[in-house]
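Novice: fold the following, please.
(one chain, ligands or ions: 1)
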Amino acid sequence: MVTFDEFGPEKILEVYDPVTGMHGFTVIDNTNLGPGKGGIRMTPTVSVEEVAHLARAMTWKCALAELPFGGGKSGIVADSKKLSNEQKQAIVAAFSRAITPVCPSHYIAGPDIATAEEEMKTFAEANGDFHSVTGKPATMCKGKACGIPHELGSTGYGVYHATLVALKHLGINVNGATFTVEGFGNVGTFVSQYLTEAGAKLIAVSDSKGGRYVPKGMDYSLLMKVKKEKGTVSEYPAGKKLKPGEIIGVKADVFIPAAQPDVINNRNKHKVKVKLIVQGANIPVSYDIEKEFHQKKILIIPDFLANAGGVISSYIESIGGSEKEVFPTVEQKIVRNTQIVLDYAKKKSIPPRAAALEIAQERVRKAKKRK
Ligand code: NAD
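Specialist: The predicted structure is shown next:
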């Protein structure tokens, strides 16, 4: 069941097209700060509850990044692995046409699970408004404005800057600090690259096939080569192999979850031996465990603060900005807001997630008053 409160959701659309079999949802959670922003996920199990939950998370993420966006999200019920590309594009086009009455006026789409650049192009063409969606291909332009693909690494860059601010807060020098990364995809590779370039030591990394622990630190270029050639980071030619999940117990200054939800749970939470967790992935730790870690003085930078780089990049695309503007904007917004959250959390002696939520809620309430 979707729950309603003072923030939303404002609109829930359920749409269906008998020709293509498209069945989808759009939840527009809150538009006080601007049109609801959020990606379209395509999975066989997506539900309106899941989409509503994600739309709410976008309300907080956009408010915290000080973007003129509210929160929204879409889901299309389909198994993309069982569809031909032609069928997939037809479904996305049907979905786009069906939600045109609210898009882009109240909702701006973007990529999510199983939807990427090509689907965003299809969506924009079917909607007819270039501004209906972000994450379009760089070759799709209107006047001087072009698409900015999500694969540029803006999220990893934001996670990197959140890590720098948090390390400083803890009095740990990044040069020589040790870190571990769970998941070596878009977010995991870029954050690993930036942190190693800043002098930190990547001592353990994992992907869906396993992991590797190298106490003296890994060579990032070699790690990328191994991942490309052998398909897994666990084949790195030094250190010792880690079984799935073992990375959680590696002692380091920083742990960066960048893959799965609930990676730290009640079964393994006692194994955690780090001082800082910066959440690249969404909901990698439950809030109950975060509160326990807060008591133990393990600092956690929450997902909706640390991983906002992607939506900041979407914002630049939506205002017709260029790729060049993405990285400085991500840095400025993530650094500023991570600092604001850490100062507030310290002042009130509350976990950073609670602080971030209070700040985001206050910004949304203020925007409502201004309206
Ligand atoms: P991705 O698909 O590019 O990479 C995911 C990585 O996780 C892969 O290396 C995969 O092998 C690994 N993985 C899968 N199962 C694993 C397991 N059990 N143990 C260890 N590794 C495992 O995904 P991504 O875009 O890097 O996103 C990672 C996380 O960050 C997701 O939770 C996503 O929702 C979140 N996120 C991503 C973005 C973005 O812009 N990419 C933005 C916000 C949040």
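Novice: from here on, contacts and neighbour counts on C-alpha atoms
Specialist: Noted.
Novice: helices along the protein, start to end?
Specialist: Per DSSP state H, the chain carries helices over the ranges 48-64, 85-98, 117-127, 154-170, 186-197, 220-230, 287-295, 303-306, 309-318, 323-348, 352-370.
Novice: among those, which is nearest Gly143?
Specialist: Gly143 lies closest to helix 309-318 among the helices of the chain, at 12.9 Å (C-alpha to C-alpha).
Novice: between helix 186-197 and the closest one, find me the angle.
Specialist: 100 degrees (axes from the mean of the first three to the mean of the last three C-alpha atoms, to 10 degrees).
Novice: do helix 309-318 and the ligand meet at all?
Specialist: Yes. Counting by C-alpha under 6 Å from any ligand atom, the ligand is contacted by helix 309-318 at Gly310.
Novice: helices or strands up against that helix?
Specialist: Other elements packing on helix 309-318 under the criterion 3 or more C-alpha pairs under 8 Å, 6 or more residues apart in numbering; DSSP states H and E are helix 154-170, helix 323-348.
Novice: enumerate the positions of the first one that are buried.
Specialist: Taking 16 or more other C-alpha atoms under 10 Å as the basis for neighbour counts, the residues of helix 154-170 that come out buried are 154-167.
Novice: is that helix in proximity to the ligand?
Specialist: Yes. Contact of helix 154-170 with the ligand (C-alpha under 6 Å from any ligand atom) involves Thr155.
Novice: what is the mean pLDDT for that helix?
Specialist: For helix 154-170, mean pLDDT is 98.
Novice: domain-wise, how is the protein divided?
Specialist: Using automatic domain parsing, the domain parsing of the chain gives 11-57+72-147, 154-308+343-353.
Novice: and stretch 134-149, what's buried?
Specialist: Thr134, Gly135, Lys136, Pro137, Ala145, Cys146, Gly147, Ile148, Pro149.
Novice: next up, the contacts around the last one.
Specialist: Pointing back at Pro149 there. Pro149 makes contacts with Glu117, Gly135, Lys136, Pro137, Ala138, as judged by C-alpha atoms under 8 Å, 6 or more residues apart in numbering.
Novice: 10 Å - rerun?
Specialist: If a contact means C-alpha atoms under 10 Å, 6 or more residues apart in numbering, then Pro149 has 111, 116-117, 120, 134-139, 310, 313-314, 317, 323 as its contacts.
Novice: any idea which of those is least confident?
Specialist: Glu323 (90).
Novice: okay, the residue in the stretch 251-371 of the chain that the ligand sits nearest to: pLDDT?
Specialist: When scored by C-alpha to the nearest ligand atom, the stretch 251-371 of the chain has Ala281 as its residue closest to the ligand, at 3.5 Å. pLDDT recorded at Ala281 is 94.
Novice: quick one on the thing from earlier: Pro261 is nearest to which of the helices of the chain?
Specialist: Using C-alpha to C-alpha, the nearest of these to Pro261 is helix 303-306, at 10.6 Å.
Novice: if we can go back for a sec, look at the nearest residue to the residue of the stretch 251-371 of the chain closest to the ligand once chain neighbours are set aside and report its pLDDT.
Specialist: Using C-alpha to C-alpha, 6 or more residues apart in numbering and skipping the chain neighbours, the partner closest in space to Ala281 is Ala258 (4.4 Å). Listed pLDDT for Ala258 reads 97.
Novice: contacting residues around the residue of the stretch 1-150 of the chain found nearest the ligand?
Specialist: The ligand sits closest to His150 of the stretch 1-150 of the chain, with a gap of 6.0 Å, by C-alpha to the nearest ligand atom. By C-alpha under 10 Å, 6+ apart, the contact list for His150 reads 110-112, 116-117, 134-137, 186, 309-311, 313-314.
Novice: which one of those is nearest to Phe7?
Specialist: Nearest member of those to Phe7, counting by C-alpha to C-alpha, is Val311, at 20.1 Å.
Novice: quick check: closest non-adjacent residue to the closest one.
Specialist: Going by C-alpha to C-alpha, 6+ apart, Val311 has Cys62 as its nearest residue, at 7.5 Å.
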